Structure formats: structure tokens, C-alpha cells
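1. Let me see the structure of the following:
(4 chains)
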Number of protein chains: 2
Amino acid sequence: MEAAVSEILKRSQLSVTDSRKRILEFFHQSSGALAHADIERLSGEQFDRVTIYRTLQTFVEKGIIHSIPTADNSIRYALCKDDCAEGHHHDNHIHFVCDKCGTTFCLDHVSIPAVQLPMGFTSSQTDVIVSGVCKQCNAA
Amino acid sequence: MEAAVSEILKRSQLSVTDSRKRILEFFHQSSGALAHADIERLSGEQFDRVTIYRTLQTFVEKGIIHSIPTADNSIRYALCKDDCAEGHHHDNHIHFVCDKCGTTFCLDHVSIPAVQLPMGFTSSQTDVIVSGVCKQCNAA
DNA sequence: TACATATTTGCAACTTTGTTGCAAAACAAA
DNA sequence: TTTGTTTTGCAACAAAGTTGCAAATATGTA
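-> Numbers count the residues shown, from 1 in each chain, chains lettered A, B, ... in the order given. The predicted model follows:
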């Protein structure tokens, strides 16, 4: 794991630092998406708030993570799949938000249906956010 | 217009006040969705920030407007169609965000395609946000 | 390994955004 | 009108995010 995240950072031409390794590990260990506050909590205030902001921003720019649209005012981030290149995200997968446990999942294996836009509109990206109850909460 | 918004407020059992009338008019006059900051600007600082926050919150609760998920950290609101009852929104239409002018449109006449969820997941609502270039910007 | 350079971090101060309690003002019903 | 309820604006606060800069860390080269 430790080695894996360093490789990812190097591939993105980023200096390998403690904060970047730790934060990237959090994403790899987490089943759902993470918000800034989650990372602050997970790291036990080890890093400055500013460092976390800047690290997340850098990861987004480098295509390592992407932000997920939410109706409440919290930005959540999740790992991008390999086909996310720098600058341009084509993370065309579905995000599922569980109403019970609050976890946000990326459903990578669910394909996004094509949307028929009105005349004159052209699309570059489609985000689908399904809310409901997740597998774990339905079983409980 | 003036009369129309008063009717809407009464139907939702809300007191008809200056701020509510003005803010509701802004939504009727706007082609796209509005954020808190837009309303502050449109009203020319006529109303207190707090009043705008509370008015928007009340409108959401009464099913007059709904919030739109965004990837950046700004909540935007748009008018609900008639079938939005108090407490429960089934605004199952597509939201389109223009990358050029930043306007958010509700595409009411575009139907949301069904999504095939993995085993164990149940859905209560589906939001689709398409980003790209809108009709006006494509023409220009 | 040590050095020089470039990048990143943490701190402090600040801005923006959103919340809460309460008295004054506006509204609704009689 | 008058009375009781709701809403507004103010003030103070809390949370979230940004910026500049010096110290610390990482990288490439010798």
C-alpha cells in the first residue's frame, strides 16, 4: 500500500510527501467517498487544514480523485479510475448516496444511459446521483 | 406577476411578505437556477442575508423550489413543477450546467433513463446533471 | 552522501458562508 | 382597529475556505 501510493504520486509527477501518501491511502482504504472533514478526522489533526485543502485540489488537478456533486453543501471526493487523465475527467459512472448511513459509493460497473438533449445543447459530461438505501443498510 | 406570486405563497400557507414576493419573482423571471449570492445581488442588498437564507429554506420545505446538486460548493435552487408536494420532491428532471456561461437549466421535457442498480441497492431518487454547452452559447 | 534548487508545509490572518437568539416590525384574523 | 402569530433584521457567533510567507522537506545532480 505504502509503495503503491508513492507510485501513483510519481506517475502524476508529484513530490512524494507524508501528507500526500497518508491522504491517498485514506481514499484507497475507504469504501465510499471522503469529504475534507473526514480526512481531517481520519488523520487525527496530524495535518494542517490548509494542507488538506491544497492536497485535495492537487489530486483533482492531476486526475487522481474527482469531486462528486451533492445537493447539500458538502464536497465529497472519490478515486478516479485509470482513464482519468490530467485536467480532463471522464468519470462517467454513477454515484450512489445512502440515505441511511450517508456513505457515497461509486458504482463503476453501472453504465450511464444516454440522455437525449434538446436541440442546440451539447454535452461533455454526465453525472448521475442515485439516492436510496445501500446493500449493507438494506440487509440490516 | 405580483399577484401570481402572492397566490403561490398563499397556496403554500405562507404569510405574504415583501421579501418572499420579491425572491419568488426572481425565480419566475430567471431562465436558470439561482444561488443565494445571485439573490443577494439581484435584490441590491435590500434584504438581510439571514432573511434570504430562511426564505430559501422555507421555499424548499414547502416544495416551491428545490436545490440542485453541484460539484463545486455552491447550492443552486430552481422552481419546482406543480407535482412537487410539501416535504417530498420528485423533481425527476435533468439539470444542465453550461460550462461557458455557468447557467443551470432544468430540462423538464427530458426524461430520466432508468438505472440498473446492483443487487441489494434500492433507489428513492435519481438526479442527472449534464454539463456541456447550452443553446445560446453554441449559437454565439 | 552532500549540496543547491524547487516544492511543499504550517502558521497567521483574513474572507466568505452559514447559523442562532432575540427584540422590533410586519402580517393575519377577528 | 386590536390581538396574537409570524417574520424580519441585527448582532454575535461558528464553520468553511483562501492567501502570503518563512521554515521545512523533497528532488536532482555532483
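
2. which residues touch the least confident helix or strand in chain A by mean pLDDT?
-> None of the helices or strands of chain A scores lower by mean pLDDT, DSSP states H and E than strand A:104-107, at a mean of 86. Strand A:104-107 is contacted by residues A:31-33, A:68, A:70, A:76, A:78-79, A:91, A:93-98, A:130, A:134, B:117-118, B:121 when judged by Cβ atoms under 8 Å, 6 or more residues apart in numbering or on different chains. All C-beta spots, glycine's among them, are computed from the backbone N, C-alpha and C.

3. strand partners of that strand, parallel vs antiparallel please.
-> strand A:94-98 (antiparallel) (DSSP bridges).

4. model confidence over the partner strand, on average?
-> Averaged across strand A:94-98, pLDDT comes to 89.

5. same check, this time on stretch A:13-30
-> On average, stretch A:13-30 scores 96.

6. try stretch A:108-125
-> 85.

7. just stretch A:73-81 next, same as before
-> 85.

8. Can you list the buried residues in it?
-> Across stretch A:73-81, burial judged by 16 or more other Cβ atoms under 10 Å in any protein chain shown covers A:75, A:76, A:77, A:78, A:79, A:80.

9. Out of those, list just those in strands.
-> A:76, A:77, A:78, A:79 (DSSP state E).

10. Bridged to the last one, which residues?
-> It stands for residue A:79. Bridge pairing for residue A:79 - DSSP bridges - gives residue A:65.

11. these two touch, right, it and residue A:65?
-> Yes. Taking Cβ atoms under 8 Å as the definition, residue A:79 is a contact partner of residue A:65 at 5.7 Å.

12. can you list residues touching both of the two?
-> Contacts common to residue A:79 and residue A:65, judged by Cβ under 8 Å, 6+ apart, are residue A:27.

13. which SS class is residue A:14?
-> Three-state assignment for residue A:14 (DSSP: H, G, I helix; E, B strand; the rest coil): coil.

14. for it, phi and psi?
-> phi -110, psi 140 (degrees, to the nearest 10).

15. Ok, residue A:15 next?
-> Torsion angles, degrees, to the nearest 10, at residue A:15: phi -60, psi 140.

16. Give me the number of neighbouring residues for it.
-> 7 (other Cβ atoms under 10 Å in any protein chain shown).

17. Now do the contacts for it.
-> residue A:9.

18. mind listing what's buried in stretch A:100-107?
-> A:103, A:104, A:105, A:106, A:107.

19. swap that for stretch A:32-51, sorry
-> A:32, A:33, A:34, A:35, A:36, A:38, A:39, A:47, A:51.

20. contacting residues around the fifth one?
-> Taking Cβ under 8 Å, 6+ apart as the definition of contact, the neighbours of residue A:36 are A:52, A:53, A:56, A:75.

21. picking up where we left off before, helix or strand right after the least confident helix or strand of chain A?
-> strand A:122-133 (DSSP states H and E).

22. For the residue lying farthest from the centre of chain A, give its distance to residue A:96.
-> The centre of chain A is farthest from one residue, residue A:119, which by Cα atoms, centre = their mean lies 32.3 Å away. Taking Cβ to Cβ, to the nearest Å as the measure, residue A:119 and residue A:96 are separated by 32 Å.

23. Mind giving me the packing neighbours of the helix or strand containing residue A:3?
-> Assigned by DSSP H and E, residue A:3 falls within helix A:2-11. Where contact means 3 or more Cβ pairs under 8 Å, 6 or more residues apart in numbering or on different chains; DSSP states H and E, helix A:2-11 is packed against helix A:18-29.
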